[in-house]
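A.B. asks: need a 3D model of the following:
(chains A and B)
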Amino acid sequence: MIGAALDRIFREASGRIVAALAARFRDLATAEDAFSEACTRALEVWPQQEMPRDPAAWLYQVAVRAALDALRRRRTQERFASWLGAEQESAACEQEVDGVIPDERLRLIFICCHPAVAVDSRAALTLRLVCGLSTREIARAFLVSEAAMAQRLSRAKQKIADAGVPFEVPAPDAWPERMAAVLSTLEVAYAKAHEDAAGSGPHAHYAAEMIVLSRTLAELLPADPDVAALAALVRFAEARRPARLEAEGCMVPLAEQNPAQWIRPLIEEGMRHLERAAAFDPDRARVVQARIHAAWCSRASLAEPPPWDIVLGCYDELLALRDDPVVRLNRAVAVAETRGVEAALRELGTLDDELLRDFAPYHAVRADLLRRAGQAEAAGAAYDRAIGLVGTAAERAWLERQRQRLEAPGIKK
Amino acid sequence: MQYALLIYEDESVYGPGKSGEATQKIAARHLEFSRDLGASRLGGAGLKATSSATTVRTASGKQTLHDGPFAETKEQLGGLYLIEAPDLDAAIAIAKRVPVSKDGSIEVRPLIVHG
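C.D. replies: Take a look at the predicted model:
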């Protein structure tokens, strides 16, 4: 058995085991420490003897025993053992340690995404505990040092322990608020993975985790339209990843991507999630957003016209739900394709440019529209602004190429 | 008259999460002080570090939850409740019902409970 194979077993088992341990011992640190002790034991024992038939069950049993030992040690060390600790321990001991790992991942997701946990820690903590990503991987994804991420994670765990965040799935009346925090956390996590078209960066692995996590959530909550819509959205976006980059490493805009390169099974899976979401509520914002992606993913080849009419209709629906500058910006792109560049520029003029001042896509869209309207000088300035703000290499390469086209006279899209 | 004595000091002297040796030392001094006060002490408690705080903020009739202690400077401490609640969610639910005349914040901070 080689190290990489063991790593995979540990990673795949970790979310479920840590969740089950956390639910049982009501403490994240105890759960994490016990799981890592079980992994250490496995590394010692497995290579010497036959692999257990169910490695996850083996890890869970060893981890439960490790947690119980740790709890006992702590209790004898403490001068004043509180009655609460004693009660916790006896409750945990009464349960049999069998190989069946209870699925407590939903509970763990709710704990990690509790509104009392700092917003920028929730996604990181979820990826660490539920997906089993290492602190180093998460640090790279969030572009911070490993030490800073370790501190952020440990602060969040300390907060959960000190403040008394309950280790329960919230009561139904708290569900809307709590679910909103969970979904926005996952969206933040996914947006990080998606903004990098090349997918060669630190986010590549992470995007795959989002496929798994959103599927898990959809299985756990089959009747939630937002959850199903998110699962659909992640699939549609990931399905297009192979077509997002051309040979020279430059980004390919959605309308120019070759649908033959898209991952069909992922699109089909996305369509099934969307169907379920739409059956519950076709007009919810996340469902409408998923419909936009579905319209694109339904394109069979470049010979088929892009679905701009459907896309525009969806953005109108979204705007009716909530006036949002980013939605208006995206809508302007669809307006340009259906009603012309001048109409799109008028739309853009109604946007608050103070609010979007540092938002690279705003300047990129503006530059494109100005270029197509023949306003080369203004377009050049907008490209420069976008290039200065954009964070990923593939997107920058594309903007630079567009900027150069500006200087070659006579070429107009 | 009854008075509240509100203790302000640099919590970092008590170590991260107020777990340092200095906490035990000051606890012993508080215990002695409480004995000295006798009947004039109506109640009181130590608070866990600000890192354990959660704030329920009310602005224009909307309530939002934030990680961390009360941080505004244009509002002043106006009162306090000591409550018993099974967990943070229950405490937050009660905090949301605390009357504020217009905008304001209720900081929810766990007490240090001696076993």
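
A.B. asks: so for the strand or helix carrying A:Met271, what's the average pLDDT?
C.D. replies: Per DSSP states H and E, A:Met271 falls inside helix A:264-280. Helix A:264-280 comes out with an average pLDDT of 96.

A.B. asks: for it, packing partners?
C.D. replies: Helices and strands touching helix A:264-280, by 3 or more CB pairs under 8 Å, 6 or more residues apart in numbering or on different chains; DSSP states H and E, are helix A:225-239, helix A:285-297. From N, CA and C alone the C-beta is placed, and that goes for glycine too.

A.B. asks: mind running it again at 10 Å?
C.D. replies: Judged by 3 or more CB pairs under 10 Å, 6 or more residues apart in numbering or on different chains; DSSP states H and E, helix A:264-280 is in contact with helix A:204-220, helix A:225-239, helix A:285-297.

A.B. asks: could these go into JSON lines alongside distance to A:Arg155, mean pLDDT and mean neighbour count?
C.D. replies: Listed next are the helices and strands packed on helix A:264-280 as JSON lines, based on distance: least, CB to CB, whole Å; pLDDT from 0 to 100; neighbours: other CB atoms under 10 Å in any protein chain shown:
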{"stretch": "helix A:204-220", "distance to A:Arg155": "21", "mean pLDDT": "79", "mean neighbour count": "19"}
{"stretch": "helix A:225-239", "distance to A:Arg155": "27", "mean pLDDT": "94", "mean neighbour count": "26"}
{"stretch": "helix A:285-297", "distance to A:Arg155": "30", "mean pLDDT": "96", "mean neighbour count": "22"}
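
A.B. asks: in a markdown table: those, plus distance to B:Tyr14.
C.D. replies: Below are the helices and strands packed on helix A:264-280 laid out as a markdown table (distance: least, CB to CB, whole Å):
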| stretch | distance to B:Tyr14 |
| --- | --- |
| helix A:204-220 | 38 |
| helix A:225-239 | 43 |
| helix A:285-297 | 45 |
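
A.B. asks: can you give me the buried ones in the helix holding A:Met271?
C.D. replies: Under the neighbour-count criterion of 16 or more other CB atoms under 10 Å in any protein chain shown, helix A:264-280 has A:266-267, A:269-271, A:273-274, A:276-278 buried.

A.B. asks: do the same with stretch B:40-47
C.D. replies: For stretch B:40-47, by 16+ other CB under 10 Å, it's B:Leu47.

A.B. asks: please apply the same query to stretch A:382-399.
C.D. replies: So for stretch A:382-399, counting by 16+ other CB under 10 Å, buried means A:382-383, A:385-387, A:389-390, A:393-399.

A.B. asks: show me those that map onto strands.
C.D. replies: Judged by DSSP state E, strands contain none of the buried residues of stretch A:382-399.

A.B. asks: nearest to chain B, out of these: which one, please.
C.D. replies: A:Leu389 (28.6 Å; CB to the nearest CB).

A.B. asks: hmm, what's the outermost residue in chain B?
C.D. replies: In chain B, the residue that sits farthest from the middle, by CA atoms, centre = their mean, is B:Ser60; the gap is 24.6 Å.

A.B. asks: in contact with that one, which residues?
C.D. replies: B:102-103 (CB atoms under 10 Å, 6 or more residues apart in numbering or on different chains).

A.B. asks: ok, stretch A:123-136 near chain B or not?
C.D. replies: No. For a cut-off given as CB under 10 Å from any CB of the partner chain, stretch A:123-136 has no contacts with chain B; the smallest distance is 11.9 Å.

A.B. asks: so how far is the first residue of that stretch from its last?
C.D. replies: 14 Å (CA to CA, to the nearest Å).

A.B. asks: buried set for stretch A:53-73?
C.D. replies: A:55-64, A:66-68, A:70-71.

A.B. asks: and which of the buried residues of helix A:264-280 is nearest chain B?
C.D. replies: A:Ala277 (27.0 Å).

A.B. asks: report the contact partners of the closest one.
C.D. replies: Contacts of A:Ala277 by CB under 10 Å, 6+ apart are A:218, A:224-233, A:284, A:286-287, A:290-291.

A.B. asks: quick one: distance of the longest helix seen in chain B to the chain centre.
C.D. replies: What stands out as the longest helix in chain B, according to DSSP state H, is helix B:21-37. Per CA atoms, centre = their mean, to the nearest Å, the displacement of helix B:21-37 from the mean C-alpha position of its chain is 18 Å.

A.B. asks: kindly export it (C-alpha atoms) in CSV.
C.D. replies: Extracted C-alpha coordinates of helix B:21-37, given in CSV (Å, rounded to 0.1, in the frame of the first residue of the first chain):
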residue,chain,number,x,y,z
GLU,B,21,-1.8,31.9,34.8
ALA,B,22,-2.7,35.5,35.3
THR,B,23,-6.4,34.5,35.1
GLN,B,24,-6.1,32.1,38.1
LYS,B,25,-4.2,34.8,40.1
ILE,B,26,-6.8,37.4,39.4
ALA,B,27,-9.7,34.9,40.1
ALA,B,28,-8.3,34.4,43.6
ARG,B,29,-8.1,38.1,44.2
HIS,B,30,-11.7,38.5,43.0
LEU,B,31,-12.8,35.8,45.3
GLU,B,32,-11.2,37.5,48.3
PHE,B,33,-12.7,40.9,47.2
SER,B,34,-16.1,39.3,46.9
ARG,B,35,-15.8,38.0,50.5
ASP,B,36,-14.8,41.4,51.7
LEU,B,37,-17.9,43.0,50.0
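
A.B. asks: residues in contact with it: which ones?
C.D. replies: Contact partners of helix B:21-37, identified using CB under 10 Å, 6+ apart, comprise B:5, B:7, B:9, B:11-15, B:17-18, B:20, B:41, B:44-46, B:49, B:112, B:114.

A.B. asks: pull up the residues of chain B that are close to chain A.
C.D. replies: So chain B meets chain A at B:16-19, B:48-49, B:51-56, B:63-68, B:85-93, B:108-110, B:113-115 (CB under 10 Å from any CB).

A.B. asks: can you flag which of these belong to helices?
C.D. replies: Among the residues of chain B next to chain A, DSSP H puts B:88-93 in helices.
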